[in-house]
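**Q** dropping the sequence and predicted coords here.
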Amino acid sequence: MIKEYLTISDVAGPLIIVEKTIDVKYQELVEIELSSGDIRRGQVLEITEDKAVVQIFEGTTGIDVSNTKVRFLGKVIELPLSLDVLGRIFDGSGRPIDDGPQIIAEKKLDINGNPINPYARDYPNNFIQTGISSIDVLNTLVRGQKLPIFSGSGLPHAKLASQIARQAKVLGKEEKFAVVFAAMGITFEEANFFISDFRRTGAIEKSVMFVNLANNPAVERIITPRMALTCAEYLAFEKDMHVLVILTDMTNYCEALREVSAARKEVPGRRGYPGYLYTDLATLYERAGRIKDKKGSITMIPILTMPEDDKTHPIPDLTGYITEGQIILSRELHHKGIYPPINVLPSLSRLKDKGIGLDKTREDHANVMNQLFASYARGKEAKELAVILGEAALTEIDKKYVKLSDDFEEFFVKQGEDENRTIEESLAIGWKLLTIIPKEELKRIKDEFIEKYLPTDIAMEDKDINAVKS
Amino acid sequence: METIETAKIIKVAGPVVVAKGLKNAKMYDVVKVSGQKLIGEIIELSKDSATIQVYEETSGIGPGESVFSTDMPLSVELGPGLISSIYDGIQRPLDILKSTKGDFITRGAEAFAIDREKKWDFEPISKVGDKVTSGDIIGIVQESSIVKHKIMVPYGIKGEIKEIYKDKFTVTDTIALIKDREGSIHEIKMLQKWPVRKPRPYKKKLPPLEPLITGQRVIDMFFPITKGGTACIPGPFGSGKTVVQHQISKWCNAEIILFIGCGERGNEMTDVLLEFPELIDPYSGKPLMERTILIANTSNMPVAAREASVYTGITIAEYYRDMGYNVALIADSTSRWAEAMREISGRLEEMPGEEGFPAYLGTRISSFYERSGRIKCLGSDDKEATLSIVGAVSPPGGDLSEPVTQNTLRTVQVFWSLQDKLAYKRHFPAIDWLTSYSLYLSGLSEYYKKEISEEYIELRDKSMALLQEEAELEEIVRLVGVDALSSHEKLVLETARSIREDFLLQDAFDITDSYSSTKKQFLILKLIMEFHKNAEKVIERGVTMEKLNSLPVKAKIIRAKYIEEKNLKAFSEIEKEIISQISSTTD
């Protein structure tokens, strides 16, 4: 029998303290009934012999000390799951908000999950073609990877994420694919963009959405990504699907965590974030991956907006330590009108080396990638020099590099929102760009590849690149 | 393990549980929490209550549940069967857990760290009547194709061998009987236990003598670590720290490698797990796994077990050291270990020190690194052995002033400063030659002079001076342009560039370049400096830098790193070409 308590002693921020509790468990699910009849849910954060600290997901507004009833439900938070979740939209605590029926559970899973045994993991090495040149060629995404997008406010990370979700595919074979989307504290407009974009392209049929908007309670954001990932694990490891998880915006998630931590009067770490932020983020991000002998996989793209575009802020910093690389968006490129504004130099995919090359993409991929990186970097450096000393100070060869780096941004990085380039097309544009500099400069490419792939019409006009693109 | 129910839980807060009524509880005793038997350790004691850190998820645990005492501190099992294993932070074998519990690590999973069924061929080397003492080797087991596991008389036992058997045994079988002075008989088994937080004893610590050769040019030549030494690699993310560590564990000339993945990425551990068995140990030609033990406590695994993982690792490392081996321990990353301490300290509501880290952070770090060293082992044969530690730190935001890095630098002797700006330029290993240091340099001089060449030290110092000069000159170039430099200064820039690109830059993924012997390292650097020396002479006579750069031998210097180890005599040819081609420029 479930007991009802009327013994709230304190309400502080998102927390309530209930006294005289009996037989309550750590992380148990809690239901509270306000005097108005409102039902809210919470979770036990700390429990002593006769006192429980409970965090309320929907916030504590309207809770009073004397009339609010508290019920401990005797279980941890579970998500009901079946294949019917596909195509559905839920709120941040997993309740349907699309006017559809409740999910009849085939299985109920603890949303905290369990860590994957490192020994059971399989190394991610299947190339995912996103159709975006700057990702496919230079920062290759592979199945089972977690690759965050480091963005800033006002940058088109939502567009980019939804383009990836739309276009991502593994070459060669048709396999079951699903997108799980978790929105944490984003605006209605941004959420609506994703929903309508998924509807427009039919992706919604293969999607599951968990939406916590900016005006929804902040504390709920702590469980939203866990709901989404539990759903993803179910689809991937029990239903053999390849799942792409998009988490946006991790910054809001961390802020919610900080709020709870502050309310509990915990000793803060850097910038007021709790000392366990790294561990907490890891328990989310590390749920991505592949498992030996299982068909499905979880690939994760968390999005976070860096406060003041600062990469050393604790959220991007700790994220970068856990994820396998990062895609960094640049405000400068965005201002130049380049979409997607991916700043390729500091971006990195740590798992790319095992996902590219012969039989995966193309034999020359690694060489072209290194050459483009190096040449673009040199062009940018020369450009900086030109700003200080004037264009005249540049040598002939440096001028060519400058041209290459400009064209690189204009034709390689820049592409349409619905433009889905194959890896061959992307590599072809790369090779075209490399004709700008003399052949002797292609030090990072093997001679046999130069022979085989370098376009022979040396003088290249812009229209040629357009020809490649079309 | 025998467990007695003694206490009741009164509080649960994350991984910290408080229990009341624990009888005879001692600090750092292991307890089992609730009916699920979650493993925990006592970390604080008061009169009637004990604070326990639990190594597993505590959700669903509540007050009133039982706590069982085991009356034992957290210990590791030591014996044949450790090599090639992969353990979590509290020495549970992950491969066994996968086969018994499935792909996810569930709670309360238990498995023996060392296989109890497997029989080992025990070859006694002592005989009945021998007087033996703790640390003496009484027999040998071929543990893997490379490693001979030496069975030692356990600590605290001394006496005469009454019986010793030669046969196939499991680790729990009795292999010998020893009678001590009081006349009591001790049954000796291959399996031993040792509490992880207590350093294993040795006779005497000795100063380090020899370098730990890693085959990485920037490390061995400029910032060497000794066998028994300590080094620290701080690296902001994306600076190639992991590759450097993998390179060291692959190539270093220690006989046993312990790799601790402490709070790092799951996929990275998988990479190690899949790659190490494929890699061939350059010294024996056998798979690298045959001399490696892995500890993997990834970031999403319980935080308290992460705190324990470095102790588990170093205790196993000490055990092999005690057999007389050179052991290298690589911990990635000690920052995650420190963060685990911080998290637990926070739950205990201790007064925090800097940035929320506990005040005892510095003590813990330095006592961990102090478990390294070159030592004289216990036992009557005075064997010498070493344990080297390479610890990675991951400073948040790349800021080296943070407490973990600072406390580590206070202890370690070698600092390999990884820079992301070098990594962006694709200069790998991205170890900055201007800010790194090694305090072992002078101590190792004799070794280098004797083993490699009398010129070694001079060559190294000269080239380092050139790199320093380059940094200053670049400052000038930035202000007034390259034309303001004298031709001699231009030569310095060119040689420094050559040192950077043709010597320091090393490709971990190229079969030949991945490892350079110290001899080859010396020869490459010698070529570069030979060119410099000869160029200096002719440049005074008006030969231009362009002309020197266009000499065909330049290309050979660039390719020198790809000369195979068996073909080192090719270097003297190139050297001759350098001399003749440069002198011909003045004709």
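**A** Right, received. Where do you want to start?

**Q** just give me the residue closest to the centre of the chain.
**A** Answering for chain A, as no chain was given. Nearest residue to the geometric centre of chain A (C-alpha atoms, centre = their mean): residue A:302, 1.6 Å.

**Q** ah, I was thinking of chain B
**A** Note: chain B centre (C-alpha atoms, centre = their mean) maps to residue B:330, 2.0 Å.

**Q** which pLDDT value belongs to that one?
**A** The model reports residue B:330 with a pLDDT of 94.

**Q** with residue A:260 instead?
**A** Residue A:260 is given a pLDDT of 87.

**Q** number of nearby residues for residue B:174?
**A** 14 (other C-beta atoms under 10 Å in any protein chain shown). Every C-beta, even on glycine, is put in place using the N, C-alpha and C of the backbone.

**Q** list the contacts for it?
**A** By C-beta atoms under 8 Å, 6 or more residues apart in numbering or on different chains, residue B:174 lies in contact with B:165, B:187, B:188, B:189.

**Q** what is the nearest of those to residue A:287?
**A** residue B:189 (41.7 Å; C-beta to C-beta).

**Q** in three-state terms, label the residue nearest to the centre of chain B for me.
**A** Here residue B:330 is recorded as strand under DSSP: H, G, I helix; E, B strand; the rest coil.

**Q** buried stuff in stretch A:340-355?
**A** With burial defined by 16 or more other C-beta atoms under 10 Å in any protein chain shown, the residues of stretch A:340-355 counted as buried are A:340-344, A:347-352, A:354-355.

**Q** what's the closest non-adjacent residue to residue B:125?
**A** Distances taken as C-beta to C-beta, 6 or more residues apart in numbering or on different chains place residue B:139 nearest to residue B:125, at 5.7 Å, with adjacent residues excluded.

**Q** and the gap between the residue in the stretch 351-500 of chain B that chain A sits nearest to and residue B:345?
**A** In the stretch 351-500 of chain B, the residue that lies nearest chain A is residue B:397 (3.1 Å; C-beta to the nearest C-beta). To residue B:345, residue B:397 is 22 Å away according to C-beta to C-beta, to the nearest Å.

**Q** of those two, which one has the most company?
**A** Just comparing residue B:397 and residue B:345: by other C-beta under 10 Å the higher neighbour count belongs to residue B:345, 22 against 18.

**Q** and the more buried one, how far from residue B:148?
**A** Going from residue B:345 to residue B:148 by C-beta to C-beta gives 42 Å.

**Q** tell me the residues of the stretch 151-300 of chain A that contact chain B?
**A** A:237, A:266-270, A:274-276, A:278-279, A:282-283, A:285-287, A:289, A:291-292, A:294 (C-beta under 8 Å from any C-beta of the partner chain).

**Q** quickly find the element holding the residue nearest to the centre of chain A.
**A** Assigned by DSSP states H and E, residue A:302 belongs to strand A:297-305.

**Q** buried residues in the top helix by length along chain B?
**A** Longest helix in chain B, counting residues (DSSP state H): helix B:456-480. Neighbour-count burial for helix B:456-480 flags B:456, B:457, B:459, B:460, B:463, B:466, B:467, B:470, B:473, B:477 (criterion: 16+ other C-beta under 10 Å).

**Q** please name the nearest non-neighbouring residue to the first one.
**A** Translated: residue B:456. residue B:448 (4.3 Å).

**Q** cool, and the fourth one?
**A** Counting by C-beta to C-beta, 6+ apart, residue B:460 lies nearest to residue B:221, which is 6.0 Å off, once chain neighbours are set aside.

**Q** residue contacts, the one you found?
**A** B:460, B:503, B:518, B:521, B:522, B:525 are the contacts of residue B:221 under C-beta under 8 Å, 6+ apart.

**Q** show me which of those residues are buried.
**A** Burial by neighbour count, 16+ other C-beta under 10 Å: within the contacts of residue B:221 this picks out B:460, B:503, B:518, B:521, B:522, B:525.

**Q** mind listing which of those residues are in strands?
**A** Among these, no member falls in strands (criterion: DSSP state E).

**Q** farthest-apart pair in the residues you listed, please.
**A** Farthest pair in the buried ones among the contacts of residue B:221, by C-beta to C-beta: B:503 and B:518, 13.1 Å.

**Q** can you give me the strands for the stretch 101-250 of chain B?
**A** Applying DSSP state E, counting those that start in this stretch to the stretch 101-250 of chain B gives strands spanning B:120-124, B:131-132, B:137-142, B:148-152, B:159-164, B:167-169, B:174-179, B:185-189, B:192-195, B:204-206, B:230-234.

**Q** what's in contact with the lowest-mean-pLDDT helix or strand in chain B?
**A** Lowest by mean pLDDT, DSSP states H and E among the helices and strands of chain B is helix B:420-424, with a mean of 81. Outside helix B:420-424, the residues that touch it by C-beta under 8 Å, 6+ apart are A:345-346, A:377, B:235-240, B:398, B:428, B:430-432.

**Q** repeat that with 7 Å
**A** Contacting residues not belonging to helix B:420-424 are listed as A:345, A:346, B:236, B:238, B:239, B:240, B:398, B:430, B:432 [C-beta atoms under 7 Å, 6 or more residues apart in numbering or on different chains].

**Q** buried subset of those residues, written for PyMOL?
**A** Buried residues among those (16+ other C-beta under 10 Å), as a PyMOL selection:
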select buried, chain B and resi 236+238+239+240+398+430+432
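
**Q** tell me which residues of the helix or strand where residue A:89 lies are tucked away?
**A** Assigned by DSSP H and E, residue A:89 belongs to strand A:88-91. For strand A:88-91, a neighbour-count test (16+ other C-beta under 10 Å) marks A:88, A:89, A:90, A:91 as buried.

**Q** with distance to residue A:242 and pLDDT added, can I get these in JSON lines?
**A** Shown next, in JSON lines, are the buried residues of strand A:88-91 (distance: C-beta to C-beta, whole Å; pLDDT from 0 to 100):
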{"residue": "A:88", "distance to residue A:242": "19", "pLDDT": "94"}
{"residue": "A:89", "distance to residue A:242": "21", "pLDDT": "94"}
{"residue": "A:90", "distance to residue A:242": "21", "pLDDT": "94"}
{"residue": "A:91", "distance to residue A:242": "26", "pLDDT": "91"}
